[in-house]
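1. got a sequence here, can you model it:
(3 chains)
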Amino acid sequence: MFWDTVGYIFIVVGVVFDLLGCVGLVRLPDVYNRLQAATKCVTLGTAFLLFGVFFIYGFSALGIKALLCALFVLISSPTGAHALARGSHKGGVKLWEGSVIDLYAEDSENK
Amino acid sequence: MITVLIYILVLSVALCIYRMGRGPTPPDRAVALDILGTLMVGFCALLAILTEKDFYINIAISWALLSYVGTIALGKFLENRGFDE
Amino acid sequence: MKAIGEFIILFALWLLLTWSLAPAQVIAGAIVSALTVGLVGDIFLFKVGRAFNPVRIFWMLVYIPYLIWYIVLANLDVAYRVIHPDLPIRPGIVKIKTSLTTDMAKTFLANSITLTPGTLTVDIKGDELYVHWIYVRGKDVKEWTEHIAGRFEPILRRIFE
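-> Model (predicted):
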């Protein structure tokens, strides 16, 4: 019963983070900032959801699979964000005009 | 209880699809697609609790892995072309 | 030696995912794991001999809760910036220098940076990492390195080097 409560708390927190990440996806001004909000909030939200499933079902087939899935999401999502950020920078998408510095573009031009 | 959470996730998906339709550049749409994949994993987890069938978690695992491969492929594809707004 | 270690890891993963000890499942798992190691075993980055060193495993177990704590902080930070009506952001791409040498350690550092407050790794060239930062503080490479990578490097060095 106690672990059920913990699991449901994790699930509610996860869903709220998912929603906040999507709000960030709509509100922030350029691709890189959107990637920031989206990868962090949505990754952690989904991982929390899966941890919640693990807490509710414990060490059964469903619980272990949820735990493994959370690990996959936590490892794969930053790598995907990295690939997208690099791809869009090399593809020529500019930073938002309020940005203060872009050393990556400067260093690429110098070489 | 779980149903309410599913409605909140549906709202998030709606925001994602708004960004995907709005653009303005192709990478924006790619980011939205990536996030949509992760949200679907969350959906599958909630459905697994709601129906108590464990095959939903199998779907979640394969969805997570496939959306990762898709994102990497999109990133590689975006690298080799220029965009005008 | 390397192939055997990879086989054990893949086979354990298969057993966890199927969660049954029926003979058919176990035999199928053994065949698939052996095939995978035979076909693509060369592209695994890490040295398996190092993975079973107790000191490294201990530091890994320390690192995981430490990382999760910073991930939660990161989310509260980004959530605050998203909800705030004025959007308090000052984004930019900065460069940091890492003293880690192995590829595995750099991969973990880059992923940790992406998951922690306001930073996103864009590219790695040699020992320089380009990081997109949602609120730039400090002025030169040294301060940025201290701010972004300072908390992870000591532990990662103990795990991977």
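
2. and the spatially most central residue of chain C, what does it touch?
-> Centroid-nearest residue in chain C, with CA atoms, centre = their mean: residue C:108, separated by 2.8 Å. Residue C:108 is in contact with C:156, C:159-160, counting by CB atoms under 8 Å, 6 or more residues apart in numbering or on different chains. C-beta coordinates here come from the backbone N, C-alpha and C atoms, glycine included.

3. go with 7 Å
-> With contact taken as CB atoms under 7 Å, 6 or more residues apart in numbering or on different chains, residue C:108 is in contact with residue C:156.

4. doesn't residue A:52 make contact with residue A:7?
-> Yes: with contact defined as CB atoms under 7 Å, residue A:7 counts as touching residue A:52 (4.4 Å).

5. compare the two (neighbour count), which wins?
-> residue A:52 (26 against 21; other CB atoms under 10 Å in any protein chain shown).

6. helix/strand/coil for the more buried one?
-> helix (DSSP: H, G, I helix; E, B strand; the rest coil).

7. which pLDDT does the model give it?
-> pLDDT for residue A:52: 91.

8. show me how chain C divides into domains.
-> Listed domain ranges for chain C are C:2-49, C:53-160 (source: automatic domain parsing).

9. can you give me the end-to-end distance of the last one?
-> One end of domain C:53-160 to the other measures 11 Å (CA to CA, to the nearest Å).

10. the strand or helix carrying the residue nearest to the centre of chain C: what's the following helix or strand?
-> Assessed by DSSP states H and E, residue C:108 sits inside helix C:103-115. Using DSSP H and E, the helix or strand that follows helix C:103-115 in sequence is strand C:119-125.

11. tell me what that following strand is packed against?
-> Other elements packing on strand C:119-125 under the criterion 3 or more CB pairs under 7 Å, 6 or more residues apart in numbering or on different chains; DSSP states H and E are helix A:31-37, helix A:61-90, helix C:103-115, strand C:128-133.

12. quick check: buried residues in the longest one?
-> Meaning helix A:61-90. A:61-70, A:72-74, A:76-90 (16 or more other CB atoms under 10 Å in any protein chain shown).

13. is there proximity between stretch A:33-49 and chain B?
-> Yes: applying CB under 7 Å from any CB of the partner chain, one finds that stretch A:33-49 is in contact with chain B at A:34-35, A:38, A:42-43, A:45-46, A:49.

14. how far does that stretch sit from the chain's center?
-> Distance of stretch A:33-49 from its chain centroid, counting by CA atoms, centre = their mean, to the nearest Å, is 3 Å.

15. centroid residue for chain A?
-> Note: chain A centre (CA atoms, centre = their mean) maps to residue A:39, 2.5 Å.

16. residues in contact with whatever residue of chain B ends up closest to chain C?
-> Closest to chain C within chain B is residue B:61: 7.4 Å, counting by CB to the nearest CB. By CB under 7 Å, 6+ apart, the residues touching residue B:61 are A:65, A:68-69, A:72.
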